[in-house]
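K.L.:
What shape does this take:
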Amino acid sequence: MFKILAIMFVGVALGYLFRRWGAVRYIASTTMLTILLLLFVMGSEVGRNEQLISNLGSLGGEALLIALAGVGGSVVAAKIIFRTVLKGRGDGK
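P.N.:
From the prediction side, this is the model:
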């Protein structure tokens with residue numbers, strides 16, 4: 001995990017240093033292509049894993065439950081923070 005964060009911070013530093021370099025404008029389009037390629041490779045790896053495919057029904061249900069809980073918790077937290085921040089301004093309801 002530390003390696004991943006270190007690589008990301010090195011990328012941020014290099015992006016900051018080279019922000020005025022002309023070739024940097026092409027990074028956005030290549031980033032999308034790279035992400036699509038990574039998703040394709042991950043999908044092919046998942047499709048190749050027989051154990052994962054056979055348990056996809058139960059794993060999918062658990063993933064859906066975790067995603068819904070995460071979204072619900074985020075909505076509740078955002079509402080609390082929104083009301084707390086706007087309470088002092090008189091804009092809160």
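
K.L.:
roughly how far out does the lowest-mean-pLDDT helix or strand in the chain sit from the chain middle?
P.N.:
When each helix and strand of the chain is scored by mean pLDDT, DSSP states H and E, helix 50-54 comes last, with a mean of 85. Helix 50-54 sits 25 Å away from the centroid of its parent chain (CA atoms, centre = their mean, to the nearest Å).

K.L.:
Just list what that helix packs against, helices and strands only.
P.N.:
With contacts taken as 3 or more CB pairs under 8 Å, 6 or more residues apart in numbering; DSSP states H and E, helix 50-54 sits against helix 27-48. Just so you know, the C-beta spots here come from the backbone N, C-alpha and C atoms, and that holds for glycine as well.

K.L.:
Between helix 27-48 and the strand or helix carrying Gly70, find me the angle.
P.N.:
In the assignment (DSSP states H and E), Gly70 maps to helix 56-87. Angle of helix 56-87 versus helix 27-48, following axes from the mean of the first three to the mean of the last three CA atoms, to 10 degrees, is 140 degrees.
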